[in-house]
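Engineer: Need coordinates for the below:
(chains A and B)
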Amino acid sequence: MDPGITQPKLGFVGMLRFFWRQLTSMRTAIVLLLLLAVAAVPGSMWPQRSSDPNGVIQFFANNPTLAPVLDRIQLFDVYTSAWFSAIYILLFISLIGCVLPRTMHHLRALRTKPPRTPARLDRLAAFRTVTVAPDELAEGTDAAAAIEAARTQLRASGYRVTVFQGAKDLSVSAERGYLRETGNLVFHTALIGVLVAVGLGGGFGYTGQKVVVEGQSFVNVKGSYDSFTPGRFFTDAELQPYRLTLDTFTVTYEEQSIRAYGQPIDYNAKVTTWLPGGKGSDATIKVNEPLEFGGTQLYLLGNGYAPTITVRDGKGNIAFTASVPFLPQDANLTSTGVVRAPDAVPEQLAFRGFFYPTAAQLPSGALTSIHPDLRNPVLTLFAYKGDLGLDSGIPQNVYALDPKDLIQIAGGDSGVAPLELRPGQTVDLPDGLGSVTFDNAAPNAAEGDWSHSVPRFVSLDVHHDPAQGWVLLFAVLAVLGLLSSLFIPRRRVWVKAVEQKSGSLRLEYAGLARGEDPGLDATVESIAARHTGGLKA
Amino acid sequence: MSETYASYALVVIYSAMAVYVLAFVFFTLDLAKRSAESPRAVAGSTAARASGSAVAASASGSAASATGPGGVGTLERESGPTAESGSGGRRMERIAFALTALAWVLHVAGAVFRGLADGHVPWSNMFEFSLVSSGIVVGVFLFLQFWQNLRFLGTYISGFALVVLGVGTVNFYVPVTPLPPALQSYWLVIHVFVATLGTAFFGVGAGLSIVQLLQTRREADRLARLNFLGTMPTAERLENLAYRVIVVGFVFWTFTLIAGSIWAERAWGRYWGWDTKEVWTFIIWVLFAGYIHARATRGWRGTRSAWLALIGFGAVAFNYTIVNLFFKGLHVYSGL
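Structural biologist: Numbers count the residues shown, from 1 in each chain, chains lettered A, B, ... in the order given. Got it, this is the predicted structure:
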């Protein structure tokens, strides 16, 4: 280091002050803003655990060496990552450090009177002067009357005004547009509000998913959810008890347009809801029209078919009967599902099935579905026997079956064709192991009308977010603040009246803007015209 | 009936494109003419202009005569004919502008026919986005003339509209299809329309920023050969104009963000989920927030903030094309 240069010693407090100054400077704020924009980009390039968890799993499978490295630097959790959080937390600290002193300053400014009229108004950006001859003036108009008129006029236009008595002149000093800074502060404070509401409010809420088959019910208790994600501060008290039954679920398909034939154009879930001890009331849930009930919003996010399947074992006893939700695999609702019948004797039974709402044969002989509605419903099942392993205590996926320890008795390599059923049909299993029935939900329907033969299920998302309203409120405040901070001009205007020796009255008008103000000159012009006009006889 | 309307729509859209081509040609001819008539004196007068005198600019028949009475450097409404009186007016420009207005009427008719064919607002797939967004860009350009003479951007705007409309119609065309349930919401009308409006203002702002950057270089005598710039406003004035246009775009964009959140809450059960489109909308918002702050910060005004405006508009274009077509996310409505 050059010995000629001695740096001032800042000391600990001095250093802190130095960093605070740096952090709260506008320059730093801009850099942080740009950094935030750049840091948000990777979240759109790699799948995120928050929005696309399956994409992450797939990425790991496809890039086994790269994925762990990316994971180390949190590229699959960008928006909760240490580096992204660091940027926005610094930005918000910088913002608070900027907003607080400005608020204090603004509060003082709000109580301060407009400043003393400058001696030389003609030096200001916008300036007009008019001299009115004595014979032009209205009766009894002197400087005092002129300034009083100006004061009234400016006040009526929303200016705050003070009158100053100079040595040879009388003037009014006026200022308007405090709402500009107010709006600016409201905007920035509201952004902090949004952040706090999102951060804290999310903690008290919960989200849950539940699959409900037509005719079945759902009770809002934790155990009844298929999956449940509580917020950080969640307690069971947040769960309001209620019950809901899915009465019918109707899908309307496009029939006119050839290009979009079979595309769903409406989903309609009719439900009945009960509060404890109350009477049931009817409601509907549609896409874009969630149901608000019991402090929660219920969204219709998925649907499919739940074929009713009955399994009888070798002794003729019913080992299983239920409507089993099958997961859709494509737009025509070719669906897969699993049935387990651990109570079957002499051997436990399990089935892996495909359901085709409108079955058609491919050239290869395999079945596929060509329409999502029930026009030619067919269920095919692979059957297995053996120990299902349910007693081992290891949790199993209800939608998947691991056939490793099982013996296949129908379909695949078993030498027996897969079981193929239409609603209402029953087929026997090989070796006298029992039978399977695909129950028809509408057995009395006309010949060939399968439209109600298989129940549908809906997948409901249940949300409780007590902070949602707050977030919206702060967002609206932010917009209002933004509008007033960008479009309300802050202006100072002065009107000065000087009585000339000749008896005429010299009037000076001037304006000064804070920041850019394209309309300033025109404003001074119109104030002058109106004021002068009012003084003339 | 729907098919008939859809074919009418295509006919008018192709006609609009033809007229845009003509407008583009005439706007370009006007630029050439500007180069020819821009006196050498203008290039020499940069020093004088930088010191705040706009005499040279107005004497050269410039659209930049920024001097209202007593208001050097202020921005008020153009005083109309005086700006064009310098050297016999801008005939080429007037023709080009009239052609643009004609093309726009056809363009709007195309969008209306498409909407009639759809039975809903015509902005639910990539083709329709292109149709409507280019139409709104031109519409905003045309209506801004009531406020300021920005006709010198004509080449940029007509060229932009032509490219967007052309690519959209030729590459992204899809026949009329019914709306999927997720899009059946009045928020489709509000959210997408306001987003497009914001895009249009950002687009015009970007055009002004490009001219500003060129003008800055020219004023520093590094681009003295681009004579047509001599007939355009000074860099400082261009910067102010760009700011005022972009600020309006920013307000629309903020509204888009909020309206989108409200709709996302209705349709998907959460108001913010970092979906790719949400991410890019956020990035654009942050970039333009940076731009607005840059304008109020010493060292960041002028060229730097102009580059920020261009990067911001680049992000808008990226969001609109690459994100729509190639990124995975919930906003998969490109219809392709």
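
Engineer: CA only for contacts and neighbour counts going forward, please
Structural biologist: Will do.

Engineer: Confidence-wise, which helix or strand of chain B is lowest on average?
Structural biologist: Least confident helix or strand of chain B, by mean pLDDT, DSSP states H and E, is helix B:55-59 with a mean of 37.

Engineer: What sits closest to whichever residue of the stretch 151-300 of chain A sits closest to chain B if chain neighbours are left out?
Structural biologist: Per Cα to the nearest Cα, the residue of the stretch 151-300 of chain A with the smallest distance to chain B is A:Asn288, at 4.2 Å. Using Cα to Cα, 6 or more residues apart in numbering or on different chains and skipping residues adjacent in sequence, the residue nearest A:Asn288 is B:Ala267, 4.2 Å away.

Engineer: A:Gly386 now?
Structural biologist: Once flanking residues are discounted, A:Gly386 sits nearest to A:Leu406: 5.0 Å by Cα to Cα, 6+ apart.

Engineer: Verify the stated contact: that neighbour with A:Asp387.
Structural biologist: Yes: between A:Leu406 and A:Asp387 there is a contact at 6.7 Å, judged by Cα atoms under 8 Å.

Engineer: who has more neighbours, these two?
Structural biologist: More crowded of A:Leu406 and A:Asp387, by other Cα atoms under 10 Å in any protein chain shown: A:Leu406, with 18 against 15.

Engineer: how about that one, what does it touch?
Structural biologist: A:384-388 (Cα atoms under 8 Å, 6 or more residues apart in numbering or on different chains).

Engineer: What's the separation between it and A:Phe355?
Structural biologist: A:Leu406 sits 22 Å away from A:Phe355 when distances are taken as Cα to Cα, to the nearest Å.

Engineer: Which stretches in the chain count as helices?
Structural biologist: Here I'm looking at chain A. Under the criterion DSSP state H, chain A carries helices at the ranges A:11-23, A:26-40, A:42-45, A:53-62, A:66-72, A:82-111, A:143-156, A:178-196, A:202-204, A:468-487, A:520-535.

Engineer: To clarify, I was referring to chain B.
Structural biologist: Under DSSP H, chain B gives helices at B:2-37, B:40-44, B:46-50, B:55-59, B:81-84, B:91-118, B:126-144, B:154-171, B:186-187, B:193-219, B:235-268, B:276-295, B:303-318, B:324-326.

Engineer: Give me the helices and strands touching the shortest one, please.
Structural biologist: If you count contacts as 3 or more Cα pairs under 8 Å, 6 or more residues apart in numbering or on different chains; DSSP states H and E, helix B:186-187 packs onto helix B:235-268.

Engineer: Next, the angle helix B:303-318 makes with the helix it packs on.
Structural biologist: Angle between the axes of helix B:235-268 and helix B:303-318 is 30 degrees (criterion: axes from the mean of the first three to the mean of the last three Cα atoms, to 10 degrees).

Engineer: Show the contacting residues for the residue of the stretch 151-300 of chain B found nearest chain A.
Structural biologist: Using Cα to the nearest Cα, B:Ala267 is the residue of the stretch 151-300 of chain B that sits closest to chain A, at 4.2 Å. Contact partners of B:Ala267, counting by Cα under 8 Å, 6+ apart, are A:287-290, A:299, B:182.

Engineer: Now render these as TSV, adding distance to A:Lys168.
Structural biologist: Formatted as TSV, those follow (distance: Cα to Cα, whole Å):
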residue	distance to A:Lys168
A:Val287	75
A:Asn288	71
A:Glu289	72
A:Pro290	72
A:Tyr299	75
B:Ala182	73
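
Engineer: so what's A:Gln240 closest to, chain neighbours aside?
Structural biologist: Closest residue in space to A:Gln240, ignoring its immediate chain neighbours: A:Gly294 at 5.9 Å, by Cα to Cα, 6+ apart.

Engineer: Over to B:Phe141?
Structural biologist: Using Cα to Cα, 6+ apart, the nearest residue to B:Phe141 is B:Val204, at 7.0 Å.

Engineer: if I pick the one you found, what's in contact with it?
Structural biologist: Contacts for B:Val204 (Cα under 8 Å, 6+ apart) come out as B:137, B:141, B:157, B:242, B:245-246.

Engineer: By neighbour count, which of those residues wins?
Structural biologist: The member of the contacts of B:Val204 that has the most neighbours, counting by other Cα under 10 Å, is B:Ile246 with 27 neighbours.

Engineer: Would you check how far apart that residue and B:Leu153 are?
Structural biologist: According to Cα to Cα, B:Ile246 and B:Leu153 sit 15 Å apart.

Engineer: Check what pLDDT the residue most central in space within chain A gets.
Structural biologist: The centroid of chain A falls nearest to A:Gln468 when counting by Cα atoms, centre = their mean (9.2 Å). Predicted confidence (pLDDT) for A:Gln468: 87.

Engineer: dump the residue contacts of it.
Structural biologist: A:197-198, A:201.

Engineer: nearest residue to A:Gly208 other than its sequence neighbours?
Structural biologist: Per Cα to Cα, 6+ apart, closest to A:Gly208 is A:Phe228, 4.2 Å.

Engineer: mind listing what that neighbour touches?
Structural biologist: Taking Cα under 8 Å, 6+ apart, one finds A:206-209, A:222 in contact with A:Phe228.

Engineer: so how far does stretch A:515-525 reach from one end to the other?
Structural biologist: Chord length of stretch A:515-525, first to last residue, is 19 Å (Cα to Cα).

Engineer: What average pLDDT does it get?
Structural biologist: For stretch A:515-525, mean pLDDT is 84.

Engineer: repeat for stretch A:361-372
Structural biologist: Averaging pLDDT along stretch A:361-372 gives 90.

Engineer: is that stretch anywhere near chain B?
Structural biologist: No: if you take Cα under 8 Å from any Cα of the partner chain as the test, stretch A:361-372 misses chain B, and the best it gets is 14.4 Å.

Engineer: can you tell me which residues contact A:Ile87?
Structural biologist: A:32, A:35-36.

Engineer: Let's see that with 6 Å instead.
Structural biologist: Counting by Cα atoms under 6 Å, 6 or more residues apart in numbering or on different chains, A:Ile87 touches no other residue.

Engineer: Compute the number of surrounding residues for B:Leu214.
Structural biologist: 18.

Engineer: again with B:Leu144
Structural biologist: For B:Leu144, the count of nearby residues is 16 (other Cα under 10 Å).

Engineer: okay, the closest residue to it other than its chain neighbours: pLDDT?
Structural biologist: Closest residue to B:Leu144 apart from its sequence neighbours, by Cα to Cα, 6+ apart: B:Leu150 at 7.4 Å. pLDDT for B:Leu150: 91.

Engineer: what about the residue of the stretch 151-300 of chain B closest to chain A, distance to B:Arg244?
Structural biologist: Taking Cα to Cα, one finds B:Ala267 at 35 Å from B:Arg244.

Engineer: just to revisit the earlier point, any figure for the gap between the residue nearest to A:Asn288 and A:Leu333?
Structural biologist: 21 Å.
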